[in-house]
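J.: whatever this is, show me its structure:
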Amino acid sequence: MGISDKWLFKRARAEPEPIPTGRITSTGNGIYKRSTLSPYRSRTSDVLETLRLIPEEVRALDFLKRVTPDVSMALWNFVRLANQGHEMNFEDANGKRIEAVEKQWREFASRVNQVSNAGLDGLIDILHQSAYMREAQAVEVEVNSERTDIIDVHAITPQTITWELEERNGREVWIPYQQQLGKKVSLEPGKANFFWVPTDPDIDDPRGNLVMASVLQSIDFQMQIMQDLQAVLHRQGWPRNDISIDLERMVASMPASIKSGGEKKRQEWLNDRIAEIRTAMDNLNPDSDYLHTDDITINMNQGANAARSLDVRAVTELVDTQTLSGAKQMAIFMNRNQGVTESWGTVQFRIFCSGIASIQRGSKRLIEEVARLWLRVNGIQAVPKFSHNLIDWESEEQRMTVRLLEQEFHAIAQLMGWQTGDDAAGAVLGKE
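T.: Residues are numbered from 1 along each chain as shown. Got it, this is the predicted structure:
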């Protein structure tokens with residue numbers, strides 16, 4: 001028996017690591033366990049002030065996704081496009097599909113994620129949102145005490161996980177922990193069925209990177225600009241009248257008793273007269289005509305300051321560029337598609353789909369880990385293969401153009417004698 005044969009023999013005879021049972025993690029949605037959830041959501045009048053009072057990035061993003069149109073739209077686009085359905089296949093050692101196991105899996109997938117009754121599809125949406133807004137995807141698989149079935153699969157808030165560098169089997173490895181009511185709970189393999197995939201991690205760092213963090217500065221700037229624009233538009237955008245009062249004529253019409261009553265009486269009379277004019281103008285209806293004496297002049301051309309203006313479009317385009325970059329969005333997905341042609345829009349769609357695919361690889365890894373554990377507790381020998389359905393980013397015109405080019409290629413190949421007519425027809429029509 002050779003060295004490799006001995007190694008294989010020892011590996012085959014090694015005892016598998018026992019599967020932890022029960023649930024170790026907590027939800028991570030608060031320090032204490034919540035027993036009641038209200039259907040009502042609070043709101044705030046000053047969104048910018050509230051945002052600036054939130055010191056932590058993830059909490060700030062969680063706030064913005066509820067109150068800011070751009071962040072809400074970015075998350076909507078990502079989550080909806082990232083989950084176009086999926087396929088889960090199970091194969092034996094020879095690569096042959098095992099349909100009976102797939103039927104059992106579909107029944108299991110329909111009952112996981114019980115908190116939302118959305119099944120595996122809902123859990124995948126939560127994982128994608130976590131990768132986009134919370135820097136990682138994490139789940140714990142809860143196995144029953146007999147180790148014969150999986151009770152549920154729980155999504156975990158990544159910000160509740162801390163990492164410590166410890167020694168295991170002569171190696172230094174990062175061990176995940178979670179604080180629960182003052183107690184530090186280990187989630188390492190053998191103690192919890194905990195699986196973790198970070199988003200764009202740094203070197204030698206198990207944590208992920210918050211890809212949406214850069215949008216905080218641009219949204220802060222955007223809201224500040226909106227407030228400033230509101231003040232400017234209110235000042236310059238509404239037509240106003242320039243009303244002048246001829247003081248000499250007013251003084252000439254002043255009663256003799258007021259004129260001889262001293263400076264104080266004369267000033268009080270003038271103030272009262274001006275106040276009467278102001279009140280009369282403020283109470284005019286939009287369709288009312290102006291009726292006044294000859295000591296008042298109304299100029300309807302100068303009061304609105306028509307010569308002064310602000311190029312709002314240039315300012316908003318500057319802010320939009322920063323917002324789109326921070327939200328990792330293309331212009332066509334955020335209703336900023338002025339001047340975007342169909343061809344360029346398709347290119348943007350393809351670039352965006354490539355970014356989504358990188359996040360989908362994380363959820364694919366997690367679901368396959370869950371499937372392997374599910375196979376193990378059910379005593380089934382199989383290989384799980386999970387795949388997301390592709391996003392259809394091509395237009396029908398593009399697909400037809402490609403098909404016509406393929407047909408031209410095979411027609412030329414037949415004319416040149418490189419291909420027989422039957423082979424060309426089979427390639428074009430998809431027949432043998």
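J.: confirm Thr293 sits in a helix?
T.: No: counting by DSSP: H, G, I helix; E, B strand; the rest coil, Thr293 is not part of a helix but coil.
J.: look up phi and psi at it.
T.: With angles defined as degrees, to the nearest 10, Thr293 sits at phi -80, psi 170.
J.: burial of it, as a residue count?
T.: Residues near Thr293, counting by other CB atoms under 10 Å, number 11. Any C-beta I mention is one placed from the backbone N, CA and C, and that applies to glycine too.
J.: looks like Asp200 contacts Met212 (just checking).
T.: No: at 11.6 Å, Asp200 does not count as touching Met212 under the criterion of CB atoms under 8 Å.
J.: which of these two has more residues huddled nearby?
T.: Met212 (26 against 13).
J.: mind checking which helix or strand that one is in?
T.: Using DSSP states H and E, no element contains Met212; it sits outside every helix and strand.
J.: would you map the helices across the stretch 301-432 of the chain?
T.: 312-326, 342-377, 396-415, 421-429 (DSSP state H, counting those that start in this stretch).
J.: how about the stretch 101-250 of the chain?
T.: 119-133, 215-236, 247-252.
J.: for the ones you listed, give me TSV that also has mean neighbour count and distance to Glu167.
T.: Formatted as TSV, those follow (neighbours: other CB atoms under 10 Å; distance: least, CB to CB, whole Å):
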stretch	mean neighbour count	distance to Glu167
helix 119-133	21	30
helix 215-236	15	38
helix 247-252	12	91
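J.: now the ones you listed as CSV including distance to Leu61 and mean pLDDT?
T.: Shown next, in CSV, are the helices of the stretch 101-250 of the chain (distance: least, CB to CB, whole Å; pLDDT from 0 to 100):
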stretch, distance to Leu61, mean pLDDT
helix 119-133, 5, 95
helix 215-236, 7, 84
helix 247-252, 60, 82
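J.: may I see the buried residues of the helix or strand that Met73 is a member of?
T.: Element membership of Met73, judged by DSSP H and E, is helix 69-82. Across helix 69-82, burial judged by 16 or more other CB atoms under 10 Å covers Asp70, Val71, Met73, Ala74, Leu75, Asn77, Phe78, Val79, Leu81, Ala82.
J.: show me what it is packed against.
T.: helix 57-67, helix 119-133, helix 215-236, helix 342-377 (3 or more CB pairs under 8 Å, 6 or more residues apart in numbering; DSSP states H and E).
J.: dump the residue contacts of the residue nearest to the spatial centre of the chain.
T.: Centroid-nearest residue in the chain: Leu75, 2.1 Å away (criterion: CA atoms, centre = their mean). Residues near Leu75 by CB atoms under 8 Å, 6 or more residues apart in numbering: Lys65, Gln129, Tyr132, Met133.
J.: just Glu87 next, same as before
T.: Contacts of Glu87 (CB under 8 Å, 6+ apart): Phe386, Ser387, Asn389.
J.: out of those residues, who's the most crowded?
T.: Busiest of the contacts of Glu87 [other CB under 10 Å] is Phe386, holding 22 neighbours.
J.: surely that one is in contact with Leu366?
T.: No: Phe386 is beyond contact range of Leu366, at 9.2 Å (criterion: CB under 8 Å).
J.: about what we covered before: so of the contacts of Glu87, which ones are in strands?
T.: Phe386, Ser387 (DSSP state E).
J.: using JSON lines, lay out the contacts of Glu87 together with pLDDT and distance to Ile175.
T.: Putting the contacts of Glu87 into JSON lines (pLDDT from 0 to 100; distance: CB to CB, whole Å) gives the following:
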{"residue": "Phe386", "pLDDT": "95", "distance to Ile175": "27"}
{"residue": "Ser387", "pLDDT": "94", "distance to Ile175": "32"}
{"residue": "Asn389", "pLDDT": "90", "distance to Ile175": "36"}
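J.: of all the contacts of Glu87, which comes closest to Asn299?
T.: Closest approach to Asn299 among the contacts of Glu87 (CB to CB): Asn389, at 66.9 Å.
J.: can I assume that closest one is in contact with His86?
T.: Yes: contact criterion CB under 8 Å: Asn389 and His86 qualify, at 6.2 Å.
J.: quick one: least confident helix or strand in the chain?
T.: helix 3-13 (a mean of 41; mean pLDDT, DSSP states H and E).
J.: residues of the very next helix or strand once past that one that come out buried?
T.: Next helix or strand after helix 3-13 toward the C-terminus (DSSP H and E): helix 47-52. Buried positions in helix 47-52, judged by neighbour count with 16+ other CB under 10 Å: Val47, Leu51.
J.: against which helices or strands is helix 47-52 packed?
T.: helix 57-67, helix 215-236.
J.: so who does the closest residue to Gly362 other than its chain neighbours touch?
T.: Excluding the flanking residues, the one nearest Gly362 by CB to CB, 6 or more residues apart in numbering is Val197, at 3.9 Å. For Val197, the contact set (CB under 8 Å, 6+ apart) comprises Ala131, Ala136, Gln137, Ala138, Gly362, Ser363, Arg365, Leu366.
J.: just to check, the last one is in contact with Gln137?
T.: Yes: Leu366 lies in contact with Gln137 (CB under 8 Å); the separation is 5.9 Å.
J.: so what's Ile245 bridging to?
T.: Beta-bridge partners for Ile245, by DSSP bridges, are Ile296.
J.: all set, thanks.
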